[in-house]
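> Structure of the sequence below:
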Amino acid sequence: MKFLRFLLFPFSIAYDIVTSVRNLMFDVGFFKENSFKTPTITVGNLSVGGTGKTPQIEYLIRLLKDKYLLAVLSRGYKRDTKKFVLLNTTSTPAEVGDEPLQYFNKFKNITVAVDTDRANGIRTLITRKNPAVILLDDAYQHRKVKSSFYILLTKYKDLFVDDFLLPTGNLRERGAGAKRANAIVVTKCPENISISEMEKIQKKLQQFKKPLFFSFISYADKTKGSNSILTKNLKDYDVLLITGIANPTPLLKHLKSLNVRFEHQEYADHHHFSKKEIEQIQQKFSKMNIENRLLLTTEKDYTRLYNRLNELNYLAIETQFIGNQKQDFDNRITSHIQDFSEA
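Numbering: from 1, shown residues only. So this is what the prediction gives:
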C-alpha cells in the first residue's frame with residue numbers, strides 16, 4: 001500500500017502547488033478572509049484522519065461553558081444537508097452529523113450549529129444567538145474565516161513534519177501551514193511519555209516557534225448507555241465492539257490492557273449503518289452468552305446507533321494534558337478571550 005501511494009507522488013506535487021497558491025492568495029489578501037469581533041477559536045489539523053479534534057473541542061467546552069455564552073460551529077461531516085442548521089432536540093445525525101450532535105446532547109446551555117460556509121455560519125450565530133465565544137471544529141483549512149486563535153493538533157507517532165502531502169501521504173497542506181497556529185498540541189501521547197521523548201518531538205517542531213503541548217486520551221471508569229458497569233469489571237464480559245471512527249487503535253489497546261475479551265467489527269469513519277448491517281450486528285450479539293455479554297461502541301458512534309441497537313453502551317473519552325501543562329494551556333485560552341474582547 002505504501003509503495004502504491006509513493007507512485008502517486010507526482011499528484012502530490014500538483015496538490016502542493018494548488019494548496020500553496022491558494023494559501024498564498026489568502027496570505028497576500030487576494031482572497032478575502034472574514035474577521036469577526038467575537039473571539040473565534042479554531043481546532044484543526046494539517047492531516048486527514050483522527051487526531052483527536054472532538055475530545056479537544058469538548059475540553060474547550062468544559063473550560064469555557066460556565067464562563068461565557070458559548071457556541072460551537074462545525075461543518076457537520078457526511079450530513080445530508082449543506083446549509084446552516086441550528087441543532088435542537090429533534091436533530092438527527094443525518095441532518096447535522098455525529099460530532100455536532102454529540103456536543104449538543106452532552107453539554108447543556110451551549111449553542112451548536114453546522115454550516116459548510118463557516119463565515120456564513122458565524123454571521124448567522126452572531127445574529128441569532130450573539131455568543132461571547134465561538135469554537136470552530138475542523139476549520140484549519142477554512143481560510144475564508146480568519147480566526148482569532150488557532151489550535152493545531154498533530155498525532156503522536158504521526159507528526160505532520162514526518163508526513164507527505166496527499167495522496168502520497170495524509171497532509172491536506174504542507175507543514176508550513178503550522179505557522180498560522182497559536183498553539184500546537186501533540187495528541188494521543190502515552191500517558192507515561194518520557195521527558196526525552198517530548199524533547200525529541202519539541203526539536204522536530206521548534207522551527208515553528210509555537211507554544212507546544214502534549215496530551216493523552218483518558219477513558220471513563222464506567223460505560224454509559226443501556227447499562228453502567230465499572231471498567232475494571234469489563235474483563236468479566238464477552239464484548240462485541242462496533243467502531244466507525246478513523247482510528248480505533250487506542251480503544252483496542254485500552255481494552256487489551258484490561259484483559260477484555262472482545263470481537264471487533266470495524267467500519268469506515270462516520271459510517272452510515274444500513275438496516276441490514278444493524279440486523280447482522282444485533283443477530284451476532286443475540287447469539288452471545290446472555291449473562292455476560294456487552295455491546296460496546298465509541299461515544300461518537302453511539303450518537304448514530306443508540307436508537308438502532310438494543311443494549312448499546314459506550315466508553316466516554318477526555319483529553320488531558322501531560323504533567324502541569326494544563327494550567328498553561330487554559331491560561332492562554334482564557335487570556336486570549338479576555339484580551340480580544342477588550343481590544
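> Leu312 pairs with what?
Per DSSP bridges, residues listed as beta-bridge partners of Leu312: Leu295.
> what's the neighbour count on it?
24 (other CB atoms under 10 Å). Yep, even glycine has a C-beta here, placed from its N, CA and C like the rest.
> Just confirm it contacts Gly225, I think it does.
Yes. Proximity of Leu312 to Gly225 meets the contact threshold set by CB atoms under 8 Å, at 5.3 Å.
> Which residues are in contact with each of those two?
Taking CB atoms under 8 Å, 6 or more residues apart in numbering as the criterion, Leu312 and Gly225 both touch 302, 306.
> what's the next secondary structure element after the helix or strand bottoming out on mean pLDDT in the chain?
Within the chain, no helix or strand scores below helix 2-7, which has a mean of 71 by mean pLDDT, DSSP states H and E. Sequence-wise, the next helix or strand downstream of helix 2-7 (DSSP states H and E) is helix 9-27.
> Could I get the buried residue list for that next one?
Residues of helix 9-27 classed as buried under the neighbour-count rule (16 or more other CB atoms under 10 Å) are 12, 15-16, 19, 23.
> Reformat these as CSV; add distance to Arg62 and pLDDT.
Formatted as CSV, those follow (distance: CB to CB, whole Å; pLDDT from 0 to 100):
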residue, distance to Arg62, pLDDT
Ser12, 38, 95
Tyr15, 37, 95
Asp16, 38, 95
Thr19, 34, 97
Asn23, 32, 97
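> Tell me how far Gly225 lies from Ser335.
38 Å (CB to CB, to the nearest Å).
> Mind checking which of those two has more residues around it?
Gly225 (19 against 10).
> Can you verify Ser147 is assigned to a strand?
No. Secondary structure of Ser147 (DSSP: H, G, I helix; E, B strand; the rest coil): coil, not part of a strand.
> Could you report the neighbour count for it?
Neighbour number of Ser147 under other CB under 10 Å is 25.
> The nearest residue to Glu33 once chain neighbours are set aside - how many residues pack around it?
Leaving aside its sequence neighbours, Glu33 sits nearest to Lys146 (CB to CB, 6 or more residues apart in numbering; 3.9 Å). A count of nearby residues for Lys146, using other CB under 10 Å, gives 17.
> Kindly export stretch 248-260 (C-alpha atoms) in CSV.
Output of stretch 248-260 as CSV, limited to C-alpha atoms (Å, rounded to 0.1, in the frame of the first residue of the first chain):
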residue,chain,number,x,y,z
PRO,A,248,-9.9,2.7,16.8
THR,A,249,-6.4,1.5,17.8
PRO,A,250,-6.2,3.4,21.1
LEU,A,251,-9.5,1.9,22.2
LEU,A,252,-8.4,-1.6,21.2
LYS,A,253,-5.2,-1.1,23.2
HIS,A,254,-7.2,0.1,26.2
LEU,A,255,-9.4,-2.9,26.1
LYS,A,256,-6.5,-5.2,25.8
SER,A,257,-4.8,-3.6,28.7
LEU,A,258,-7.8,-4.5,30.8
ASN,A,259,-7.7,-8.1,29.5
VAL,A,260,-11.1,-7.7,27.9
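> Give the buried residues for that stretch.
248, 250-252, 254-255, 260.
> Pick the one among the residues you listed closest to Val185.
Pro250 (15.8 Å; CB to CB).
> any chance you could map the strands in the stretch 1-150 of the chain?
Counting by DSSP state E, counting those that start in this stretch, one finds strands in the stretch 1-150 of the chain at the ranges 40-45, 70-74, 85-86, 111-114, 133-137, 149-155.
> Now these in JSON lines, please, with extra columns for mean neighbour count.
JSON lines is the format used below for these (neighbours: other CB atoms under 10 Å):
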{"stretch": "strand 40-45", "mean neighbour count": "25"}
{"stretch": "strand 70-74", "mean neighbour count": "26"}
{"stretch": "strand 85-86", "mean neighbour count": "18"}
{"stretch": "strand 111-114", "mean neighbour count": "25"}
{"stretch": "strand 133-137", "mean neighbour count": "26"}
{"stretch": "strand 149-155", "mean neighbour count": "24"}
